[in-house]
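**Q** kindly return the folded structure for what I paste below:
(3 chains)
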Amino acid sequence: MIEVKDVSFTYPNGVEALHGVSLKIRDGEFVAIMGQNGAGKTTLVKQFNGLLKPTKGEVVVDGVNTREASVATLAQKVGFVFQNPDHQLFCETVEDEIAFALKNFGFKENTIKKRVTWALNLLDLKQYSKTSPFMLSGGERKRVALASVLAWNPKVIILDEPTIGQDQNQKNRLQQFVNQLVTQGKTVVIVSHDVEFVAECNPKIVLMVEGKILAEGSAKQILTNSYLLTQASIVLPQIAQIFTGLAGLGLPTDVINVHEAKKVLLDFMEVDS
Amino acid sequence: MSVIETKALTYTYPSGTKRVLEDVSITIERGEFVVLTGPSGCGKTTLCRCFNGLVPHFYGGKLEGSILITGLNVHEHSIYELARHVGLVFQNPENQLFALSVEKDVAFGLENLGVPRDEIKKRVDWALQTTDIEDLRERAPHELSGGQQQRVAIASVLAMQPNVMVLDEPTSFLDPLGAQRIFEVINELNKNLGITVVLVEHRLDLAARYADHVIIMDEGRVMLDGKPREIFKLEKARLMGIGVPKSTRLYQILEKNGMHLGKVPITSEEATQILKEVLSRD
Amino acid sequence: MSFFEGLRFRRVSSPIHRLDPRVKFFYVCVLFVMAIMFGGTLKNPELLPLIVLFFIQMPFVLVAGVKREWIRSMRGAMFLAIFIFVFNFIFQFISGSYDSFALLLEYSFSMTLRFLVLVESFSIFFLTTSPDHLGLALEQSHVPYEFCFAFTTAVRFVPVLADEAQTIMDAQKARGLELERGNFIKRIKNYIPLLIPLIVNAIRRSLELAEAMESRAWGATEKRTNLYVLTLRNPDYILVVLSVFMLILAVYVRFFLPVPSLTVLLHI
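**A** Numbering: from 1, shown residues only, chains lettered A, B, ... in the order given. Got it, this is the predicted structure:
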């Protein structure tokens, strides 16, 4: 469990990025942290693995205060997949890249070999095991970065803006993958401003504005609340926009994805006829 | 009058073995707002670079077939000559800004062209006003947000007064609100100044509403080419992995399940309107 | 690090900031020459002129409003200054060729102060000249445009690369990389996961920059024009005249007047 207790954070250059944020993320929860660029989302999640330590307040991860543990220790529990894979890739082969963290964390040779094979298969990278990561396409490099984090099997997985520059196929695959992780009992935290993607994933949502948490709730509650979303400078998902417009006709207003919309509309038509 | 015309355009990168563009034939008319989309690796980025001569002059490789930009044959004109007619805005805002102030950056292209100083000043002022960034004139690029940086990039290209503006996924690094603002700026340039726009985008939920011409590519080929509503309603588009606007997707699914809406919506406003009519009918 | 802090330009406007960089550079060169001219020998050290040179630059610091940064850069130079002092002192002490202890001290101070005068003038130059202006000055001094462009672009990207280095460090730390542990060799090895992404990204960035440059008509004409132009104005002419006057005065003093050492003056 990750507990954020009244945390404020100011960067060395004086910018106050978080003001009195309190949040609890339970084991196995699936949470999306949403907000405009600059709202403090990434600053918040960087507190979870100790990359940033609170200026005021404290963050407790599984009973450990982040101020009292190194990033390396916290990272074993909290895996962080950065936005740009090119900030991590440096090895000669994809295999080495995936093994890097495992070596750092002191896993045994046998375990490392097994985990690397497992991660390669999981992300469909088997054929690239001996390839240089720099030779792969953008989407493939993202998968290598993801594989290298999953390899050490952290309890918590944080994905920072995973949908940037991705096409629809890649987003669909990512969504399925994330659902898989959740089913396996992992705690998944996504930082995203992509409303459509989040609407499809249907997680719990934490909405941030200017370093504070504006609201928390289910995807249905938050993504259909135009008052809240306007304050956070976020656009409603298209489907939610449509159903807000149809409110007068007696249709439910908490519809956020296409499949639900279809069901609701077809049911409505049948009732009518 | 067509402003971009390609016939059987085929291209392979110098180190490449696969053809990145395969038999691409498209026509873009003056004043059109074109959205060019397709799954990753389909060749849309390479095609953009053909429009201003980066392919083949900067990248080398083999470019076959004909390509005319405002009547100029790309094979026979250098990049700096084509730069007077076609402006290219790239994905990463940070890597298109060179100078230490916005003003100087917007002037960069004009300085390269040897435009006289008075003219540079006038055009810089005009470009800053048109993209609504007058207040950022003296700022350094590093201090700006991604959205502001992209507007500076657009202003820098605009200052050169091109007939065509090509934008390669300009909103990738921006949040939805920032993206919307950029699309609005581009739309104004298209509608008010008559600049032909070619916008490469994945985020069709936000961008599709501005298009009057859609081109979809896959594996180096042009798969679909026509009006937005006709193209997006096709199952083929969705199966290629295009992020069809959700409103259109809803239309598709309802069609499949026997609920006919009549008109094809691209935006949520259109969908709401159409659904209201259909549902109130009964 | 604080030495470099002292050289970093801060966006402030003052009469000194508005002076033409070429003129300021000329002034710095004049000071350089004057500092070299004085200092003396072991037998006849000349601390006094150097003290004068040190203090006549103070007005510039105050008018430019860069007192804090200037102090920082001088502080940064202190380490080297102390080294120079100690080195000269010990070397001459051991060689035994000094006439008196006071003279030895004065000589060592002179050598140190000469160094500090140079640091002082360069520091003032960089603190009061924006990289923009510097690039422009280079251009108008007929340095090939490619170099000026490389210079200003490099300066523009310094904060960007610094941020990127921090992100890379964060990303690798999040994979268990420990930079503080291990013996010397291990620590150096631990920098590879930081350097490689930094370099690879820098190369990718240059490629994107090159594309953008080409797309904005880079190389269209030899006769590049410029939005800004540096023109010399009255304050610039005044500084030039002042510098020349100081130089002439210094030459006169050097060759036609005896320069007593402080020791002699104080009858030590």
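**Q** what ranges does chain A have for its strands?
**A** In chain A, the strands defined using DSSP state E lie at A:2-10, A:16-25, A:30-34, A:56-61, A:64-65, A:78-81, A:156-160, A:187-191, A:204-209, A:212-218.
**Q** sheet partners, orientation included, of the fifth one?
**A** Using DSSP bridges, strand A:64-65 pairs in its sheet with strand A:56-61 (antiparallel).
**Q** wait, what's in contact with residue 259?
**A** This is for chain A. With contact taken as Cβ atoms under 8 Å, 6 or more residues apart in numbering or on different chains, residue A:259 is in contact with residue B:253. C-beta here means a position set from N, CA and C on the backbone, and glycine is covered the same way.
**Q** think we crossed wires, I meant chain C
**A** By Cβ under 8 Å, 6+ apart, the neighbours of residue C:259 are C:38, C:40, C:44, C:46, C:48-49, C:253.
**Q** in chain A, which residue sits closest to chain C?
**A** Closest residue of chain A to chain C, Cβ to the nearest Cβ: residue A:104 (3.1 Å).
**Q** can you pull the pLDDT of that residue?
**A** Predicted confidence (pLDDT) for residue A:104: 92.
**Q** quick one: low-confidence parts of the chain?
**A** In the absence of a named chain, this looks at chain A. Along chain A, the parts satisfying pLDDT under 70 run over A:272-273.
**Q** actually chain B
**A** Low-confidence segments of chain B (pLDDT under 70): B:282.
**Q** ok, which stretches of it are helices?
**A** B:44-51, B:79-82, B:102-112, B:117-130, B:146-158, B:176-193, B:204-207, B:228-232, B:235-239, B:246-256, B:268-281 (DSSP state H).
**Q** go through the ones you listed and name the closest to residue B:169.
**A** Among the helices of chain B, helix B:44-51 comes nearest to residue B:169, with 7.9 Å by Cβ to Cβ.
**Q** can you list contacts of that closest one?
**A** So helix B:44-51 is in contact with B:4, B:6, B:9, B:11, B:20-21, B:24, B:36-38, B:55-56, B:58-59, B:63, B:67, B:69, B:74, B:86, B:88, B:164, B:166, B:168-169, B:198, B:200, B:217, C:211, going by Cβ under 8 Å, 6+ apart.
**Q** ditto for stretch C:172-184
**A** For stretch C:172-184, using Cβ under 8 Å, 6+ apart, the contacting residues are A:49, A:51, A:70-72, A:75-76, A:79-80, A:82, A:88, A:100-101, A:104-105, A:148-149, C:169, C:187, C:190-191, C:193-194.
**Q** alpha carbons only: can I get it in CSV?
**A** Extracted C-alpha coordinates of stretch C:172-184, given in CSV (Å, rounded to 0.1, in the frame of the first residue of the first chain):
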residue,chain,number,x,y,z
GLN,C,172,18.5,4.4,-14.2
LYS,C,173,18.2,4.9,-10.4
ALA,C,174,14.7,3.6,-10.7
ARG,C,175,16.3,0.4,-12.1
GLY,C,176,18.5,0.0,-9.2
LEU,C,177,21.6,1.8,-10.4
GLU,C,178,23.5,3.0,-7.3
LEU,C,179,25.9,5.9,-8.0
GLU,C,180,27.3,6.4,-4.5
ARG,C,181,28.4,2.8,-3.8
GLY,C,182,31.4,0.8,-4.8
ASN,C,183,35.0,1.2,-5.4
PHE,C,184,36.6,3.7,-7.8
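**Q** near chain C, which residues of the stretch 51-200 of chain A are found?
**A** Counting by Cβ under 8 Å from any Cβ of the partner chain, the stretch 51-200 of chain A comes close to chain C at A:51, A:70-72, A:75-76, A:79-80, A:82, A:84, A:86-90, A:100-101, A:104-105, A:134, A:148-149.
**Q** and these, which are buried?
**A** Buried by 16 or more other Cβ atoms under 10 Å in any protein chain shown: A:51, A:71-72, A:75-76, A:79-80, A:82, A:84, A:86-90, A:100-101, A:104-105, A:148-149, out of those.
**Q** narrow these to those in helices?
**A** Per DSSP H, the subset of those in helices is A:71-72, A:75-76, A:100-101, A:104, A:148-149.
**Q** farthest-separated two in these?
**A** Most distant of these, by Cβ to Cβ, are A:71 and A:148, 16.1 Å apart.
**Q** where in the stretch 51-200 of chain C is pLDDT low?
**A** If you take pLDDT under 70 as the line, the stretch 51-200 of chain C has no such spans.
**Q** for residue C:8, give me the pLDDT.
**A** Here the pLDDT value assigned to residue C:8 is 51.
**Q** what residues does the stretch 101-250 of chain C put near chain A?
**A** Counting by Cβ under 8 Å from any Cβ, the stretch 101-250 of chain C sits next to chain A at C:164, C:167-168, C:170-178, C:192-193, C:196-197, C:200-201, C:204.
**Q** now, of the residues you listed, which are buried?
**A** For those, a burial check counting by 16+ other Cβ under 10 Å picks out C:164, C:167-168, C:170-178, C:193, C:197, C:200-201.
**Q** name the nearest residue to residue C:156, ignoring sequence neighbours.
**A** Spatial nearest neighbour of residue C:156, chain neighbours left out: residue B:100 (5.4 Å); criterion: Cβ to Cβ, 6 or more residues apart in numbering or on different chains.
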